[in-house]
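Q: quick one, structure for this:
(chains A and B)
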Amino acid sequence: MNAGFEWSEHGSNLIEATGQTLYMVSATLVIGGLLGLTLGIGLYTTRRGGLLQNRWLFGLLNLVVNIFRPIPFLILLFAVAPLTVGIVGTRLGSTAMIVPMSVAATFGVSRIVEQNLVAIDPGVIEAARATGATRWRIITTLLVPEALGPLILGYTFICIAVVDMSALAGTLDGGGLGAFALDYGYKRWNFGVVWVTVIVIIILVQLAQALGNRLSRRVMHHT
Amino acid sequence: MSSIIEFRDVSKVFASRAGDVTAVDHIDLTIEEGEIFAVIGYSGAGKSTLVRLINGLERVTSGELVVDGQDVVRMSEAQLERKRRDIGMIFQQFNLFGSRTVAGNVAFPLKVAGWPRARRDARVAELLDFVGLLDRAHAYPDQLSGGQKQRVGIARALAAGPKILLADESTSALDPETTQDVLRLLKKVNRELGVTVVVITHELEIVRSIADRVAILEQGRVAEVGTVFETFTNPQSGVGNKFVSTVIHDRPSGDDLARIRRAHSGRIVTATIQDGSRLGTVLSGAGDRGVSFEIVYGGIGTLQARSFGSLTLELTGPEASVDEVVAELRGVTDIEEVA
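A: Sure, this is the predicted structure:
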């Protein structure tokens, strides 16, 4: 039993699991990131005083986000299973996990995007309108660049939450580092494996945070 | 001159939970092509709203507003977007795009107007040269001083060659020296490019330095409108008097007046000074009637290349003779008895 972490025994599995985790996390960040960006822009532009001010649409979007966001990820994972099967064809494996993870990320990202867009000086938007720019042009070319620094930090925050989700997803037949730690570590009472997995995850998170900090600094201070 | 902006009975009402707020209240106002027109008022007088009606950032509630031959009241948002390309605007807080370089800021309206790349680059260089910031083209706004930021704002506002420039408190965030630089630049925009400039301000000093005509706004209404010279020398409204007295201190009032009264027992009158008023001639003849005079208060300055101001005089001598001198003074200028 608890033999500790043996590279010859666990190495290839660890590498495979890390690859699956990176796959789930990056696919979720792209899909959930883009959907969340769209939804966040929707929330920001339809709110009172927004470019596309619309009480009913804002109310609807706001309600939908408020309904989905508090659902614990574990439950969301079961709840969207029919959707997952519909899209991917199976509810098992890393690819299948991207569906519930993207759903959860979309709603999280949307609030982060909304918060950062709200922080844009309304005077800047007014100046753009005063040049005769259409609202569509402002939404597509000005909003994201003006809030880019804080947005990058927001996405970094979400990225780490997604790593967390991926570990949980892994324990439900999703593969990745979560499954690795569960199957080869916990279930065999091998805490050497568990701790190695934890260290790998810490390194991934540190790298993501360092990259996010660096990019946002670059964008905000034009260095 | 022909009018370029014409407000006809224009009102703007904001609906709020606490009830309707009338920011602009039945205003009639005509701004002539090629002039620098100032709108002055205390905060809350409705001047920022008034100027935003011109480019449709705020929509008129009732009335007609003709801007360069088109009634903007009935325009759709799409038509207004097209119209705004012909109306530049600068702001108190500059409102530059922090994510774009100086050149990128100036290029923005040109992209909006669909200029091809090559023409755009040439135009950006031309404008940055005009405002004296060619060497800062690749800097970002947060690397510039306040005065430089407003120059970029002006270049951006002028990019697409507008006929009208709206300046909303454009120097209020700047120090006095930088303010003068920016005002000189606005004057240059007006004189060299023939752009009609509408300046919104709460400082009469700014009106005095650059405007041709001025409207004084109070509670959403025009209290008075006229040339800057008329308004400064002879304000008609209460609010006009209040503004003018903040920059022109040539008439004694309050403590100064009380002090003068205590120190001088003779008859005290204030004479308005204008080019060609022969005040000195009259006063030099006063001695022949046994009337002596003392200058106790006053100030004379220049406004729009004309002298203006006033002197407060104490006249002493036999009452009948003093009356004669006052009558003679009335023949050459406006005389006000000081109580």
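
Q: so what's residue B:145 up against?
A: residue B:178 (C-beta atoms under 8 Å, 6 or more residues apart in numbering or on different chains). C-beta: built from backbone N, CA, C; applies to glycine.

Q: mind checking how far it is from chain A?
A: 16 Å (C-beta to the nearest C-beta, to the nearest Å).

Q: and the helices in the chain?
A: Unless you meant another one, I'm taking chain A. For chain A, applying DSSP state H gives helices covering A:7-46, A:55-68, A:73-79, A:81-88, A:94-118, A:122-130, A:135-137, A:143-146, A:148-169, A:176-180, A:191-221.

Q: other chain: chain B
A: B:47-54, B:77-84, B:102-112, B:117-130, B:146-158, B:176-193, B:204-210, B:228-233, B:238-247, B:254-263, B:279-286, B:319-332.

Q: rank the ones you listed by pLDDT, which is bottom?
A: Mean pLDDT is lowest for helix B:238-247 out of the helices of chain B, coming in at a mean of 81.

Q: that one: how far from the chain's middle?
A: 13 Å (C-alpha atoms, centre = their mean, to the nearest Å).

Q: dump the helices of chain A into a markdown table; add distance to residue B:124 and mean neighbour count as well.
A: Putting these into a markdown table (distance: least, C-beta to C-beta, whole Å; neighbours: other C-beta atoms under 10 Å in any protein chain shown) gives the following:
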| stretch | distance to residue B:124 | mean neighbour count |
| --- | --- | --- |
| helix A:7-46 | 29 | 19 |
| helix A:55-68 | 38 | 14 |
| helix A:73-79 | 50 | 16 |
| helix A:81-88 | 48 | 14 |
| helix A:94-118 | 28 | 24 |
| helix A:122-130 | 17 | 20 |
| helix A:135-137 | 18 | 15 |
| helix A:143-146 | 18 | 20 |
| helix A:148-169 | 23 | 21 |
| helix A:176-180 | 50 | 25 |
| helix A:191-221 | 23 | 16 |
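
Q: got the helices of chain B as JSON lines, with distance to residue A:146 and mean neighbour count columns?
A: Formatted as JSON lines, the helices of chain B follow (distance: least, C-beta to C-beta, whole Å; neighbours: other C-beta under 10 Å):
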{"stretch": "helix B:47-54", "distance to residue A:146": "21", "mean neighbour count": "23"}
{"stretch": "helix B:77-84", "distance to residue A:146": "19", "mean neighbour count": "16"}
{"stretch": "helix B:102-112", "distance to residue A:146": "12", "mean neighbour count": "24"}
{"stretch": "helix B:117-130", "distance to residue A:146": "20", "mean neighbour count": "16"}
{"stretch": "helix B:146-158", "distance to residue A:146": "15", "mean neighbour count": "25"}
{"stretch": "helix B:176-193", "distance to residue A:146": "25", "mean neighbour count": "16"}
{"stretch": "helix B:204-210", "distance to residue A:146": "30", "mean neighbour count": "21"}
{"stretch": "helix B:228-233", "distance to residue A:146": "39", "mean neighbour count": "20"}
{"stretch": "helix B:238-247", "distance to residue A:146": "38", "mean neighbour count": "16"}
{"stretch": "helix B:254-263", "distance to residue A:146": "50", "mean neighbour count": "12"}
{"stretch": "helix B:279-286", "distance to residue A:146": "61", "mean neighbour count": "15"}
{"stretch": "helix B:319-332", "distance to residue A:146": "63", "mean neighbour count": "16"}
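
Q: residue A:219: which of the ones you listed is closest?
A: Closest approach to residue A:219 among the helices of chain B (C-beta to C-beta): helix B:102-112, 14.1 Å.

Q: what is the orientation angle of the closest one with helix B:77-84?
A: 130 degrees (axes from the mean of the first three to the mean of the last three C-alpha atoms, to 10 degrees).

Q: any idea how far apart the tips of stretch B:276-290 sit?
A: 26 Å (C-alpha to C-alpha, to the nearest Å).

Q: please read the previous query as pertaining to stretch A:89-96.
A: 8 Å.

Q: ok, which of the helices of chain A comes nearest residue B:320?
A: Going by C-beta to C-beta, the one of the helices of chain A nearest residue B:320 is helix A:122-130, 66.7 Å.

Q: could you give the mean pLDDT of the closest one?
A: Computed over helix A:122-130, the average pLDDT equals 96.

Q: spell out which parts of chain A neighbour chain B.
A: With C-beta under 8 Å from any C-beta of the partner chain as the criterion, chain A meets chain B at residues A:121, A:123-124, A:126-135, A:137, A:142, A:145-146, A:148, A:219, A:222.

Q: hmm, try it at 6 Å
A: Counting by C-beta under 6 Å from any C-beta of the partner chain, the residues of chain A close to chain B are A:123-124, A:127, A:130-134, A:145-146, A:222.

Q: circling back: least confident of the helices of chain A, on average?
A: helix A:176-180 (a mean of 87).

Q: give me the distance from it to the chain's centre.
A: 18 Å.

Q: give me the contact list for that helix.
A: A:17, A:20-21, A:24, A:166-167, A:170-171, A:197, A:201 (C-beta atoms under 6 Å, 6 or more residues apart in numbering or on different chains).

Q: got it, and stretch B:182-196?
A: Contacts for stretch B:182-196 (C-beta under 6 Å, 6+ apart): B:4, B:33-34, B:36, B:150, B:164-165, B:171, B:197, B:209-210.

Q: so which of the residues you listed is the closest to residue B:68?
A: Once C-beta to C-beta is applied, the member of those that ends up nearest residue B:68 is residue B:4, at 5.6 Å.

Q: in terms of contact, does the closest one touch residue B:33 like I think?
A: Yes. Using C-beta atoms under 6 Å, residue B:4 is in contact with residue B:33, at 4.1 Å.

Q: in the stretch 101-250 of chain B, what residue is nearest chain A?
A: Here the stretch 101-250 of chain B gets closest to chain A at one residue, residue B:109, 3.9 Å apart by C-beta to the nearest C-beta.

Q: hmm, residue B:160 and that residue touching each other?
A: Yes. With contact taken as C-beta under 6 Å, residue B:109 and residue B:160 are classed as touching, separated by 4.7 Å.
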